[in-house]
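Engineer: got a predicted model here, sequence first, then my questions.
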Amino acid sequence: MTFLQPWMLLAAPLVALPLIIHLINQRRFQTMPWAAMMFLLTANRMSRGYARLRQWLILAFRMLAIAGLLFVISRPLASGWLGAAAGGSADATLVLLDRSPSMQQIGAGTATSKLDTAKRKLRDTLGTLGTSRVVLIDSGSTEARELESLDGLVDSPGTGPAGNTADVAAMLQEAYSYVKANRVGRAEVWIVSDLRESDWDAGSGRWSAIRDSFQALPQTTRFHLLSYAEPATENLTVQVTEVRREQRDSESRLLVSLRVFGNPQDETERQVPLQFEIDGARSETAVALVGGVAELKDHAIPIEQTLQRGWGRVTLPADANQADNEAFFVFDDPPPRKSILVTDAPQTARPLMLAAEISSNPLISNECELVARGQLATVPWEEVSLLMWQGELPSSDEQQPIKAFVKAGGQVIFFPPKNPSTTAAFGVRWLPWVKSEQPLSIEQWRGDQDLLANTISGASLPVGQLQINQYAGLEGRFTPLATLSDKQPLLVRVDLDDKPQSDEAAMADEAAMADEAAMADGVAKEDDQTEAETANAATDLRAGLTNSVYFCATTPTPGDSSLARDGVVLYVAVQRAIENGAAALGSTRTLDAGTVVADNWRSVAGAEDAISSEYGLQQGIFATEEKLVAVNRSAAEDIPATLKDAKLQQLFGGLDFSRVDDTAGDLRSLVQEIWRLFLVVMIIAMIVEAALCLPRKRTVTSGAAA
């Protein structure tokens, strides 16, 4: 049991006050033998046992009444997971709030979502505990901000539903930065989550860094998890996989492909109605859901011939979670995909040009042009998706148009020259070549994102099969994406941010890459990978970083590596870079929520109650001055797998951590004051004590007259 006013328990010795008074009264009188009283005492011995018991009962109930009064004043709480939290007032309470679409699931028989339930309970609980300083870190911005009052947890726009996947590890890193920067003496961290694996990224190396950071703090930090892991067995989700506009003679139509996911354990077949909306015009169809999966391929929807660019959405019937019942899309004629190659080694040009010219989509043509360094001023950068640079790094003057190209969304990959110099570009320079006696393999690489990410099916690229004969060293600040078996970087990313990457963030990125090592050193994939699988791998883009350049420490030359011979990895990486760059060139774009910052966007459809500063976090259709943007939740949000209990305990190993499981719609308070119970006990004790103190009723007997 815990107390809101535990200092009142210092008066607990007062419970013994009736006993002390009784003992003092016993010492006030001395027993003197008196012959006249001996007869009366002898006659009263038969009832002495009852009288003594009565005295002890009166004493006990008096002590119980005083104890009840002390407990009432101390404001006791019901025992539970908040016992440690109520043990004293925290200097700051940090609330890590998961606003992802999965948290919008409503409870059975209620109209309240997990997110709304959690916000109300936290407000009431922290109010009961007397919390005065609340810092909110939500999954949308992942930035710490102090709330003026507890009502901000419920009423603030920054606590409403969002469309992006939460990053609990990043939120905890922000909490650590806040506690450290503000020198918080005693901190409480409350995590609200439905324990989706996609939100926690338990395999990331960031978690070990987070644990070590909090353990190293001189301040006391306690962690509490409010979990809403209850699954939605009857929930359906929809994803649009492909949309293309087709012109046949005088007829125009859209070909829409999509997938519907339900409960995989439901083996019954049923028809699921779908509603399509194309620029306001609606139509309906149905798909057969078998084994929890339904797929619709190239569903034709007639459109006006004049409608070259537009938007649409597909909607499922209402169920447990409305947030995953819609998928938005945009369409337009695909923009040209043009790449340019600057090289001082003709033997390197051919593999790179082939990787850029062979399109992963048969409906889109790719073009690659060889450009001399002296012709950079004449390059139409607004038409280019990818720049591949093999040779001496560009000079300061040459870097200016390249940097503007990257800022506009273009992609750049640098390959080392034959004789590196001291010239640096974007904070990185080449070091002398290192030749290995035995071919080196790639030991670690990032398979969760970027150019070497896994395919849609989750299969790993055959990066571990590559052989590197020699490579050029790299010096500067960068994020490794692939590391050789001798611990030297092979592929790195440099983010062109206005502020440099912190050492903690760099260490976290390196740790995350280290966790991908399970795929390296002997991970073999089938050599007969089909062209269709390769195309899927190339077009499976993961929330690309538009303001980044890449450095590859070797070349496709046969004497340097097997990138050309085992061309799948090179082809996929180049195609992904082209796809990222082309997405920035077209007049339409499809994004995952939370991957971009909405700047001067206008809402077209969906997200009716969202504020303009959060358009990038909301699902819907948005318009800018030049583009039409479809924002959807990430595909990971539709995977219902939750974090295992053992893994959760491992993530918080060594930290002061507690957890409570809750359900959506259950608005009962997490903490309850039970002082009323002790007040009743005190009143009952006083009544019983008063009854015991009443004198015994004398029985009058009448005898016969003498």
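Structural biologist: Looks like it came in fine.

Engineer: what's the distance between T220 and V597?
Structural biologist: To V597, T220 is 36 Å away according to CB to CB, to the nearest Å. Heads up, the C-betas are built off the backbone N, CA and C, glycines and all.

Engineer: the two - which one has more neighbours?
Structural biologist: The neighbour count for T220 versus V597, taken as other CB atoms under 10 Å, is higher for T220 (14 against 11).

Engineer: quick one: contacts for the more buried one?
Structural biologist: Counting by CB atoms under 8 Å, 6 or more residues apart in numbering, T220 touches G185, R186, A187, D656.

Engineer: buried subset of those?
Structural biologist: Buried subset of those (neighbour count, 16 or more other CB atoms under 10 Å): A187.

Engineer: let's have the contacts of T220 in TSV, adding distance to S177, pLDDT and secondary structure.
Structural biologist: Rendered in TSV, the data for the contacts of T220 read as follows (distance: CB to CB, whole Å; pLDDT from 0 to 100; DSSP: H, G, I helix; E, B strand; the rest coil):
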residue	distance to S177	pLDDT	secondary structure
G185	17	86	coil
R186	17	89	strand
A187	12	92	strand
D656	19	91	strand
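
Engineer: can you redo the contacts of T220 as CSV with distance to S385?
Structural biologist: What follows is the contacts of T220, written out as CSV (distance: CB to CB, whole Å):
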residue, distance to S385
G185, 53
R186, 53
A187, 47
D656, 50
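
Engineer: for G594, phi and psi?
Structural biologist: Backbone torsions for G594, taken as degrees, to the nearest 10, come to phi 90, psi 0.

Engineer: that one: neighbour count?
Structural biologist: For G594, the neighbour count with other CB under 10 Å is 25.

Engineer: for the closest residue in space to it that isn't next to it in sequence, what are its contacts?
Structural biologist: Among residues not flanking G594 along the chain, N164 sits closest, at 2.7 Å (CB to CB, 6 or more residues apart in numbering). Counting by CB under 8 Å, 6+ apart, N164 touches R99, S100, S139, G140, D592, A593, G594, T595, L617, R633, S634.

Engineer: just the closest of these to A345, please.
Structural biologist: T595 (35.5 Å; CB to CB).

Engineer: distance of that closest one relative to R589?
Structural biologist: 11 Å.

Engineer: higher neighbour count, the two?
Structural biologist: R589 (20 against 16).

Engineer: so that one touches A583, yeah?
Structural biologist: Yes. If you go by CB atoms under 8 Å, R589 and A583 touch, sitting 5.4 Å apart.

Engineer: what ranges do the strands span in the stretch 551-700 of the chain?
Structural biologist: 588-592, 602-605, 620-623, 628-632, 656-661 (DSSP state E, counting those that start in this stretch).

Engineer: any chance of these in CSV, plus distance to V192?
Structural biologist: Listed next are the strands of the stretch 551-700 of the chain as CSV, based on distance: least, CB to CB, whole Å:
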stretch, distance to V192
strand 588-592, 22
strand 602-605, 27
strand 620-623, 24
strand 628-632, 23
strand 656-661, 11
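
Engineer: so who does the spatially closest residue to Q347 that is not a sequence neighbour touch?
Structural biologist: Distance criterion CB to CB, 6+ apart; nearest residue to Q347, sequence neighbours excluded, is T557 at 5.6 Å. Contact analysis of T557 by CB under 8 Å, 6+ apart lists A345, Q347, T348, A564.

Engineer: between these, which is closest to E295?
Structural biologist: A564 (36.3 Å).

Engineer: ok, so what distance separates that closest one from Q575?
Structural biologist: Taking CB to CB, one finds A564 at 15 Å from Q575.

Engineer: of those two, which one has the most company?
Structural biologist: Q575 (26 against 19).

Engineer: now the more buried one: how far from R54?
Structural biologist: For Q575, the distance to R54 - CB to CB - is 94 Å.

Engineer: and the lowest mean pLDDT element among the helices and strands of this protein?
Structural biologist: In the chain, the helix or strand scored least confidently by mean pLDDT, DSSP states H and E is helix 531-539, which has a mean of 35.

Engineer: related to what we said a few turns ago, list only buried entries from the contacts of T557.
Structural biologist: T348, A564.

Engineer: now, the contacts of T557 that are in strands?
Structural biologist: Assignment to strands by DSSP state E places none of the contacts of T557 there.

Engineer: in CSV: the contacts of T557, plus pLDDT and distance to Y471.
Structural biologist: Shown next, in CSV, are the contacts of T557 (pLDDT from 0 to 100; distance: CB to CB, whole Å):
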residue, pLDDT, distance to Y471
A345, 81, 15
Q347, 75, 17
T348, 77, 14
A564, 91, 15
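
Engineer: so where's the stretch 1-150 of the chain shaky on pLDDT?
Structural biologist: Within the stretch 1-150 of the chain, the segments meeting pLDDT under 70 span 1-12, 14-15, 17-52, 71-89.

Engineer: now do the strands in it.
Structural biologist: 2-3, 76-77, 92-97, 134-138, 144-146.

Engineer: most packed of those?
Structural biologist: strand 92-97 (a mean of 26; mean count of other CB atoms under 10 Å).

Engineer: other SSEs contacting that one?
Structural biologist: Here strand 92-97 touches helix 114-128, strand 134-138, helix 168-182, strand 186-193, going by 3 or more CB pairs under 8 Å, 6 or more residues apart in numbering; DSSP states H and E.

Engineer: could you give the angle of that strand to helix 168-182?
Structural biologist: Put simply, strand 92-97 runs at 160 degrees to helix 168-182, going by axes from the mean of the first three to the mean of the last three CA atoms, to 10 degrees.

Engineer: domain-wise, how is this structure divided?
Structural biologist: 2-28+48-78+675-693, 85-231+642-661, 237-332+587-638, 337-585 (automatic domain parsing).
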